[in-house]
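Engineer: Predicted model and sequence below, questions to follow.
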Amino acid sequence: MKKSHKVLAAAAAGAILVTAGGTAAANAGTGRVSGSEAPAVVPAVDVQPAPETVVQQNRISATASAQAVSAALAKCQADKLPFVTVALVDRFGTVQALLRGDNAAAHTIEAAKQKAYTAAAFGTPTSELAKRVNGNGPSIADLPGTLFLAGGVPLKVNGVSVAGIGVGGAPDGALDEACATAGAEAIAAAGTAK
């Protein structure tokens, strides 16, 4: 029985090496891959920026994102809530900054990210959105990656939602939201202090 496991492991390793070599050759655009010609390289197309073809987007900077999550966590720590996680995401849900507090459980990471994304996507604090979710049928709360619990605050530029900050882990969503608001206010204050 042990001998067959060794033979299978050796065969699998050989298959991986052959596949990896074929992939490397295909990516390099050289030689033949598994008996067939590598696809021709398609040249990149240089698209000129114009309102008809390119959308300009605002983003929260890395520095401001780090300051915001730090300010939110500091507020929670001052409120004796060191077991939360703070996330700042862009409007597509991509994490810009994440800070996990001391003793924060693993589930708080996902909760913070989902609250932040929900606030960013809808441009509304998640505490307000939670009031809109009712009834027994399907609702907006069924959208993947969203969490309709208090603790998420949108970040807007000229009235347009560009990001969200979310906090997860406090025993009450209102406490999470107070910390998220402190993070959002840190960005606003940094933008006006010049």
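Structural biologist: Looks like it arrived, so ask away.
Engineer: Just the buried positions in the lengthiest strand in the chain, please.
Structural biologist: Longest strand of the chain, by residue count under DSSP state E: strand 160-168. Within strand 160-168, the residues that qualify as buried are 161-168, counting by 16 or more other C-beta atoms under 10 Å. (C-beta placed from N, C-alpha, C; glycine too.)
Engineer: Tell me which two of those sit farthest apart.
Structural biologist: Farthest apart among these by C-beta to C-beta are 162 and 168. That separation is 21.1 Å.
Engineer: so residue 133 sits right up against residue 143, yeah?
Structural biologist: No: counting by C-beta atoms under 8 Å, residue 133 sits too far from residue 143 to count as a contact (10.7 Å).
Engineer: And the closest residue to residue 57 other than its chain neighbours, how far from residue 149?
Structural biologist: Of all residues not flanking residue 57 in the chain, residue 162 sits nearest, at 7.3 Å (C-beta to C-beta, 6 or more residues apart in numbering). According to C-beta to C-beta, to the nearest Å, residue 162 and residue 149 sit 22 Å apart.
Engineer: cool, residue 69 as well?
Structural biologist: Counting by C-beta to C-beta - residue 69 and residue 149 are separated by 19 Å.
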